[in-house]
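> This is a predicted model, with the sequence first.
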There are 2 protein chains.
Amino acid sequence: MPAGTPLDPERILAATEQILRRHGPAKATVVDVARSLGVSHAAVYKHFGSKQALREAVTRRWLDKSRDELAVIAGDERIPPPRRLRVWLHAVLAGKQAKIREDPELFDAYGVLAAAHSIVAEDHVADLLAQLERIIAAGAVDGGFTTTDPAATARTVYLATARFHHVAHAGDWLRPGVDDDLDAVCTLLLAGLRAMPGAASDPTDHKSRRE
Amino acid sequence: MPAGTPLDPERILAATEQILRRHGPAKATVVDVARSLGVSHAAVYKHFGSKQALREAVTRRWLDKSRDELAVIAGDERIPPPRRLRVWLHAVLAGKQAKIREDPELFDAYGVLAAAHSIVAEDHVADLLAQLERIIAAGAVDGGFTTTDPAATARTVYLATARFHHVAHAGDWLRPGVDDDLDAVCTLLLAGLRAMPGAASDPTDHKSRRE
């Protein structure tokens, strides 16, 4: 890092990523970050008020990059909505698989935040849900999806695919067969999206679980 | 515990459950179990060769009880298969919610085993998958499910409901709205089970995720 560069948030975040990669989220400290930049830790704290704030900012930057890549798929109107949904869900999984392989320390840092129900993790989920809603709304217009409430349906699809995006399952994502498993879930969900009763429920089974 | 009762495996397992409830899985020891029975730890090891074997046996007994309760629903031919699937999935969740509330230490002990990919946890999953397959096979006969491979479809439904049965999500199961979330997923999956293409795939989206 050139010594004359001013200490802006971007430089601090880039240095923090390197420190997280080198030491892992459990051991990385603000002092390590400051030392790697040749500044005092007080100078770092001027931009990020706490270790937690710094960790959140670096994780947010990293997640936003992934969100922006996925948004390209979610908004690609050349792909018919049913296929777009499948491609998008596979891209979510593929992105996480790549991170586990290539950037495991930062992936762990995100896992720590997700487990703590950090606002960063919550915001990321909200971003992904908005993309999913966009695809499902498109499918309701010209993809044969029967939903009349794309936001609620997006949430349901998100819940039904937790196995493939929730960090608690990360340990299974590099196992053989995971992509085929997701494909099978996609096929079932897509069939459901085309056949699901809209506002009205099916009296033969719905809401009759309490016997 | 009456002092004259012979030391059989059942007595040891009942005592272990009490010790696990009192001390939690991290602190409970075979010495605690032996002391509560008024015997030497060698006497316990005669029946269970290690602390791990004892913990697995007590967890297995506890899970088998839950499996047997669920089997009553899975085999209840008076309930139409689509509704039976919904009732069964809600019963799986309700059983786990009850355990978290009423028996948190044993629930934690199971979580430790599940995370370690213990054979006990794997067997329990296999038991539940067999029940799910039975319901889905019934639905293929007279519930309008289109599947020609109930075992594979059971696995897909299991994957799509991980949010509501995989122990990694246990922290969310007592939150408000969880039952409604499961109900929404059930509605989507049931619609899919009735509409899913059988052996043939849908060329408009299936297997076309690699662009």
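That came through, no problem. Numbers count the residues shown, from 1 in each chain, chains lettered A, B, ... in the order given.
> can we go C-alpha only for contacts and neighbour counts from here?
Fine.
> For the closest residue to chain B within chain A, which residues are in contact?
At 3.4 Å from chain B, A:Gly192 is the closest residue in chain A, using Cα to the nearest Cα. A:Gly192 sits next to B:Leu188, B:Leu189, B:Leu190, B:Ala191, B:Gly192, B:Leu193, B:Arg194, B:Ala195, B:Met196 when contact means Cα atoms under 8 Å, 6 or more residues apart in numbering or on different chains.
> hmm, 7 Å instead?
By Cα atoms under 7 Å, 6 or more residues apart in numbering or on different chains, A:Gly192 lies in contact with B:Leu188, B:Leu189, B:Ala191, B:Gly192, B:Ala195.
> From these, which one has the minimum pLDDT?
Least confident entry in those, by pLDDT: B:Ala195, with 91.
> For the residue lying closest to it once chain neighbours are set aside, give me its contacts.
In this structure, B:Ala195 finds its nearest non-sequential neighbour in A:Ala191, 5.5 Å apart by Cα to Cα, 6 or more residues apart in numbering or on different chains. Contacts for A:Ala191 (Cα under 7 Å, 6+ apart) come out as B:Gly192, B:Ala195, B:Met196.
> Could you report the separation of A:Ala191 from A:Gly144?
In this view, A:Ala191 and A:Gly144 are 10 Å apart by Cα to Cα, to the nearest Å.
> Give me the phi and psi for the nearest residue to A:Val178 once chain neighbours are set aside.
Spatial nearest neighbour of A:Val178, excluding adjacent residues (Cα to Cα, 6+ apart): A:Asp172 at 7.6 Å. Main-chain dihedrals, A:Asp172, degrees, to the nearest 10: phi -100, psi -10.
> Show me which parts of stretch A:125-134 are buried, residue by residue.
A:Val125, A:Asp127, A:Leu128, A:Leu129, A:Ala130, A:Gln131, A:Leu132, A:Glu133, A:Arg134 (16 or more other Cα atoms under 10 Å in any protein chain shown).
> Which residues outside the helix or strand in which A:Leu70 is found are in contact with it?
Using DSSP states H and E, A:Leu70 maps to helix A:51-74. With contact meaning Cα under 7 Å, 6+ apart, helix A:51-74 is reached by A:Leu13, A:Glu17, A:Val30, A:Phe48, A:Arg84, A:Trp88, A:Tyr110, A:Val120, A:His124, A:Gln131, A:Arg134, A:Ile135.
> how about 6 Å then?
A:Leu13, A:Phe48, A:Val120, A:Gln131, A:Ile135 (Cα atoms under 6 Å, 6 or more residues apart in numbering or on different chains).
> what does stretch A:156-166 give?
Taking Cα under 6 Å, 6+ apart as the rule, stretch A:156-166 contacts A:Leu93, A:His169, B:Ala160, B:Thr161, B:Val185.
> In helices, which of the residues you listed fall?
In helices, defined here by DSSP state H, the members of these are A:Leu93, B:Ala160, B:Val185.
> which stretch of helix or strand covers A:Leu189?
Using DSSP H and E, A:Leu189 maps to helix A:178-195.
> just to revisit the earlier point, would CSV of the buried residues of stretch A:125-134 with secondary structure be doable?
Putting those into CSV (DSSP: H, G, I helix; E, B strand; the rest coil) gives the following:
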residue, secondary structure
A:Val125, helix
A:Asp127, helix
A:Leu128, helix
A:Leu129, helix
A:Ala130, helix
A:Gln131, helix
A:Leu132, helix
A:Glu133, helix
A:Arg134, helix
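> Lowest pLDDT pick from these?
Comparing those by pLDDT, A:Val125 comes last, at 94.
> mind checking how far the residue nearest to A:Val178 is from A:Ala195?
Counting by Cα to Cα, the gap from A:Asp172 to A:Ala195 is 31 Å.
> same question, A:Arg175
Distance from A:Arg175 to A:Ala195, counting by Cα to Cα: 32 Å.
> again, but for A:Val87
20 Å.
> Domain-wise, how is chain A divided?
Domain segmentation of chain A under automatic domain parsing yields A:9-47, A:58-195.
> Check those for me and report the most buried one.
domain A:58-195 (a mean of 19; mean count of other Cα atoms under 10 Å in any protein chain shown).
> From start to finish, how long is that domain in a straight line?
First residue to last in domain A:58-195 (Cα to Cα) measures 42 Å.
> Packing partners of the lowest-mean-pLDDT helix or strand in chain A?
The helix or strand of chain A with the lowest confidence, counting by mean pLDDT, DSSP states H and E, is helix A:104-115 at a mean of 78. Secondary-structure packing of helix A:104-115 (3 or more Cα pairs under 6 Å, 6 or more residues apart in numbering or on different chains; DSSP states H and E): helix A:9-27.
> I am finished for the moment; much appreciated.
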